[in-house]
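Asker: Got a predicted structure here, sequence first:
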Amino acid sequence: MTQFVRLVGLRPLLRAFKHSVRGLAYAAKNERAFQQELILFAVGAVAVFLLTESSVERAVLIGSVAFVLVLELINSAIETIVHRIGPEQNLLSRRAKDLGSAAVLVSLAASVAIWLIVLI
């Protein structure tokens, strides 16, 4: 481990961690969809321990909702970049935002399917 820290450097790792935490904090405070999915994650994490006994099932169920959160963060980043480019209507900007949103929708559908398969 110390060779790794020496090779990579602790300062860049800490800086990267700080940026990640800042991004999570921003999303939790300002992104409505992320807030809703975070609540879903919290409720799901509690439900998983009440409804299942297998660690593998718990990991799969929690992982499926965590994947939704990851895609929501990526979708928010895409939307931020599109807004940074400019406020005017543009077909490519709209397509980028729609595709990011579609990725979140597909992940939500997959998560629901996984929960139904595991719990039923």
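Answerer: That came through fine. Residues are numbered from 1 along each chain as shown.
Asker: Please count neighbours and contacts with C-alpha atoms only from this point.
Answerer: Fine.
Asker: which stretches of this protein have low pLDDT?
Answerer: Applying pLDDT under 70 to the chain picks out residues 1-2, 4-6.
Asker: domain assignment for this structure?
Answerer: With domains defined by automatic domain parsing, the chain comprises 1-30, 32-119.
Asker: Quick check: which of those domains has the most neighbours on average?
Answerer: Each of those was scored by mean neighbour count; the highest is domain 32-119, a mean of 15, by mean count of other CA atoms under 10 Å.
Asker: thought Val82 was touching Ser93?
Answerer: Yes. Val82 lies in contact with Ser93 (CA atoms under 8 Å); the separation is 5.9 Å.
Asker: got the residue ranges for the helices in this structure?
Answerer: 2-8, 10-30, 32-51, 55-85, 91-119 (DSSP state H).
Asker: other SSEs contacting the last one?
Answerer: Using 3 or more CA pairs under 8 Å, 6 or more residues apart in numbering; DSSP states H and E as the contact criterion, the secondary-structure elements in contact with helix 91-119 are helix 55-85.
Asker: For the helix it packs on, name the packing helices and strands.
Answerer: Going by 3+ CA pairs under 8 Å, 6+ apart, helix 55-85 lies up against helix 32-51, helix 91-119.
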